[in-house]
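> give me the fold of what follows.
(chains A and B)
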Amino acid sequence: MSGTASSVQSSVSPVPPSAAGRQLLAELREIVGEEGLLYNADELLVYECDGYVVEKKIPDVVVFPLNTDQVVQVVQACNRHNVPFVPRGAGTSLAGGCLPVGGGVMITLTRMKRILEVNLRDRYAVVEPGLVNVHLTQHLKGTGFHYAPDPSSQGACTIGGNVATNSGGPHTLKYGVTVNHVLGVEVVTAEGEVLELGGAVEDLPGYDLTGLFVGSEGTFGLCTKVIVRLTPDPEAYRTMLGVFETVADATRAISSIIGAGIIPAALELMDQGIVEAVEEAYHFGFPLDAGAVLLIEVDGLEVAVGEEARQIIELCEQEGAREVRRAETPAERQLLWKCRKQAFGAIGRLSPSYCTQDGVVPRTRLPEILEFIAESGSRHGIRIVNVFHAGDGNIHPILLFDERNPEQVQRVMRASDEILTKCIELGGSVTGEHGIGVEKLSFMSQLFTPDSIEVMTRVRQALNSGGLLSPGKMLPTAGACGMEHIERSHPGKQAAS
Amino acid sequence: MTAAIEASQEQTPATQAELCRFLAGNSSGERLPVYPVGGRTALSCGGAVTTPGIALSVTGLNRTIEYPARDMTVTVEAGVRAGELSKLLAGEQQRLPIDIPQSRRATIGGAVATGVSGPRRFGSGTLRDCVIGISAADAEGRLYSAGGRVVKNVAGYDLCRLLTGSLGTLGIITQITFRLRPLPEFSAFVWSTWPNAAALDIAIGELMCSAVRPMAIEVLCPKAARQIVTESRLDAGRDDLVLAVGFEGTENEVRWQTDQLRELLHRAGAGSCEQIDQPEQVSRLWDALTDFQVQSEEPLTFRASLPPSQTIAFIELCRQQEVTVQSHAGNGIVTGHLPDSASTVEAAGRITETLRKEAVRHRGSLVLLNCDENWKQQLSVFGERGGGWQWDNRLRQSLDPQGLLNPGRMPAS
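Numbering: from 1, shown residues only, chains lettered A, B, ... in the order given. All right, here's what the predicted structure looks like:
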């Protein structure tokens, strides 16, 4: 789940609408009706940020279109009035992807939430962008198929938002991220035209525009329909919990398992700090004195998973696991996954505030980055706990602090930046699944050369030439009309997916 | 087949920097069209090229940059041959799980630029799922990159996907990072024959919803089956439609699945049903199924995309036109070779337009892959332009404003 809004109060007062503003508002009312509009300051407050609460900006208007045609009309109205606009789903994103930089109109797609078609024979479904991720999975229950991407916020986040950020989740290790499961999208362009990219049929001629669109953080268009791939349910699971004396032992076990040619469905690490909090919250029976635990799941054919589980247990033991427990019943499996997916909910027991990072390193460099995180934490006097997607090297260090202490807050920011810089140094990236948004803009020039950023900027200008759509996101050079630079002063409470 | 490229002056830079310098010089000087070439196995892909210019070979860029086997990624330059890469990876019991035809000659950069695929796409996905980092040079010699060397990364726009299958029109790919998979321990096929196409259609539907997880679901018309049988030196039924289902994994799981499947196919009305599990035979069969798409004696080869459920009906339509077909039936991809009787452009055009109409009716497409260059100028290579073409054009104009990179490959606006 995404973190809740921080206690930092916004002090923005409503701007008295100008004549032009009143005109735009009247046009929007014409399109979506009074019930599809929010424009009073107190109602707008909810929309000032997403799960990234460090930077805030209240949109001038929020609209809730019901169909593609209304989205088109809203976008055209924004273009006529030269007002910035930004799409939003459930607002669970963690990098400020739906922050309305420059104000303007926020187009919230949560009322477009129908499942339009399910075709099991051809393995796809067509859904509207506001559909909550888990609702698709629930709808498919009993069919033998599911939608594979399962971000930890899946109970709240929308498929459209998943498309914008190319969301991951614990099971991406084997099944891939959102882009691997999206066959096509219907897009309303920055100019307000409707385009169909890709489709239910594979290999349509032309560039892979669907692939380019997924993960573009709402900077190329608003998706109004998504064609997703459906995946057959695995026949069987084996879910295990490896208990290790040290984090180093656990990370060695990860490399051994994958080195042996086994691709688990999920491979998650929790260190002692987070285990303590999770145990207190959910009473699973985790050992409190272990340095780290690994949550390992294999899935597939009944005839295969037993053997894989046996090999995994053997490899863990070779790397010094104190014990490897198995979830013997579906209920036990579910509890284990609840502990993992809701680990962030338990952090409140450790600290009044926290912030998490989303770096990635090559899997074999995990020991180095974890050592660095510990060292950085102790150097800055910040407690850091870890729960993350170890199988694909995607770390989520959680920095614990008290946001009432501004000096401590500064230390948290410095430690965060150091950790991400170290990820780059180790050959990794600053974001595995949360996105660049506005949060990590400053890292883009460390990851990419000026020429690469220039080419990405050209791509953005080709598809969003006016710059009114989602200004100030993804690229440090992205034209942001009226964008005020917002100094980061507070790390937020953020949850990992 | 590609007279304009053969008439072009060849340049073979030895480094990325040299390649960039060459492009920069060209774009500010003579502004000749630039045709990227690798192993020259896929020069007939895309629209016809007509004006000679520079054949810019990437074969000089043939280094392995980094292979951290434990991380299961590899970074190579574009000119590395696909076969060499396979050999390197096999040394660590790993592979890139993508079928690349003529892999001894084909370069890995060419495979990415053309977005090749084969039978394993049902179980392993396509190249777009495997490319995690890419570098390319634009027409002005600007070297740019996207992605990185880690398997999970959402920083920046996904130009890896954009460039994969872009036919060299948005940049000349110089370096690629792939995510890898373990080599399977065991592989086998179930080869069955089907006198009755309707029964086969139902069987595939059942197979897709059953517990088995094949790596490939291939359907062959009798003529294609005979070719494949000869090519892979098999002794297997070939006088009806053939369904060849490939499995990979541990020996245990593969055998369990082939048993399950044989039972299912018998029940569904297969004529004959045999198992191919002798390693050399299996390996030759994978190769033959991969290379079928580039058998080049026929007058014209096309690839059609359909909803998987329409594949068998489409194959029957192809057979009425005497087209030899192979299909990745689980993905709705059909490769067809026109018969020798289609020896004129008019005859070929009639057949492809009939078939294209049917594909488009199901929201699919039909693309001409390989035929006489003059035919390509008279026939429609890609068919009617559907959604997204405006964006294709805008992207090409913004990354190659002078139109120097492989002009003619992608249809113009």
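
> could I get the pLDDT score of the residue in the stretch 301-413 of chain B positioned nearest to chain A?
Using C-beta to the nearest C-beta, the single residue of the stretch 301-413 of chain B nearest to chain A is B:G387, 3.3 Å away. (C-beta placed from N, C-alpha, C; glycine too.) At B:G387, the pLDDT value in this model is 75.

> for A:G261, same thing?
86.

> and it, what is it in contact with?
B:Q93, B:P182, B:L183, B:E185 (C-beta atoms under 8 Å, 6 or more residues apart in numbering or on different chains).

> mind redoing it with 10 Å?
Counting by C-beta atoms under 10 Å, 6 or more residues apart in numbering or on different chains, A:G261 touches A:E308, A:Q311, B:M72, B:Q93, B:Q94, B:R181, B:P182, B:L183, B:P184, B:E185, B:T250.

> just the buried subset of the residues you listed, written out for PyMOL, thanks.
In PyMOL, selecting the buried portion of these, with burial taken from 16 or more other C-beta atoms under 10 Å in any protein chain shown, looks like this:
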select buried, (chain A and resi 308+311) or (chain B and resi 72+94+181+182+183+184+250)
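
> filter the contacts of A:G261 down to the ones in helices?
A:E308, A:Q311 (DSSP state H).

> make JSON lines out of the contacts of A:G261 and add pLDDT.
JSON lines is the format used below for the contacts of A:G261 (pLDDT from 0 to 100):
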{"residue": "A:E308", "pLDDT": "94"}
{"residue": "A:Q311", "pLDDT": "95"}
{"residue": "B:M72", "pLDDT": "94"}
{"residue": "B:Q93", "pLDDT": "95"}
{"residue": "B:Q94", "pLDDT": "97"}
{"residue": "B:R181", "pLDDT": "95"}
{"residue": "B:P182", "pLDDT": "94"}
{"residue": "B:L183", "pLDDT": "96"}
{"residue": "B:P184", "pLDDT": "95"}
{"residue": "B:E185", "pLDDT": "94"}
{"residue": "B:T250", "pLDDT": "93"}
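
> and the helix or strand that contains B:N252, which residues are buried?
Taking DSSP states H and E as the definition, B:N252 sits inside helix B:251-268. Across helix B:251-268, burial judged by 16+ other C-beta under 10 Å covers B:E253, B:V254, B:R255, B:W256, B:Q257, B:T258, B:Q260, B:L261, B:R262, B:L264, B:L265, B:A268.

> and the residue most central in space within chain A, how far is that from B:P279?
In chain A, the C-alpha nearest the mean C-alpha coordinate belongs to A:H434, at 3.8 Å (C-alpha atoms, centre = their mean). According to C-beta to C-beta, to the nearest Å, A:H434 and B:P279 sit 45 Å apart.

> kindly format the C-alpha coordinates of stretch B:14-21 as CSV.
Written as CSV, here are the backbone C-alpha positions of stretch B:14-21 (Å, rounded to 0.1, in the frame of the first residue of the first chain):
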residue,chain,number,x,y,z
ALA,B,14,36.0,-0.6,-35.9
THR,B,15,34.7,1.3,-32.9
GLN,B,16,31.5,3.1,-31.9
ALA,B,17,33.4,6.4,-32.0
GLU,B,18,34.5,5.8,-35.5
LEU,B,19,31.0,4.9,-36.6
CYS,B,20,29.7,8.2,-35.0
ARG,B,21,32.4,10.3,-36.7
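
> next one: it to chain centre, how far?
Offset of stretch B:14-21 from its chain centre (C-alpha atoms, centre = their mean, to the nearest Å): 28 Å.

> show me the domain layout of the chain.
Using chain A. For chain A, automatic domain parsing gives the domain ranges A:19-110+A:457-489, A:115-232, A:236-356+A:359-425.

> try again with chain B
Per automatic domain parsing, the structural domains of chain B span B:7-58, B:64-182, B:186-291, B:300-388.

> hmm, the first one touching chain A?
It refers to domain B:7-58. Yes: contact of domain B:7-58 with chain A (C-beta under 10 Å from any C-beta of the partner chain) involves B:C20, B:G46.

> one step back: state the mean pLDDT of the helix or strand just after the helix holding B:N252.
Next in sequence after helix B:251-268, counting helices and strands by DSSP H and E, comes strand B:273-276. Computed over strand B:273-276, the mean pLDDT rounds to 96.

> just the CA trace of strand B:273-276, in CSV.
Taking C-alpha atoms only, strand B:273-276 is exported to CSV below (Å, rounded to 0.1, in the frame of the first residue of the first chain):
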residue,chain,number,x,y,z
CYS,B,273,1.0,-38.8,-32.6
GLU,B,274,4.7,-39.3,-31.8
GLN,B,275,7.3,-38.1,-29.4
ILE,B,276,10.6,-36.7,-30.6
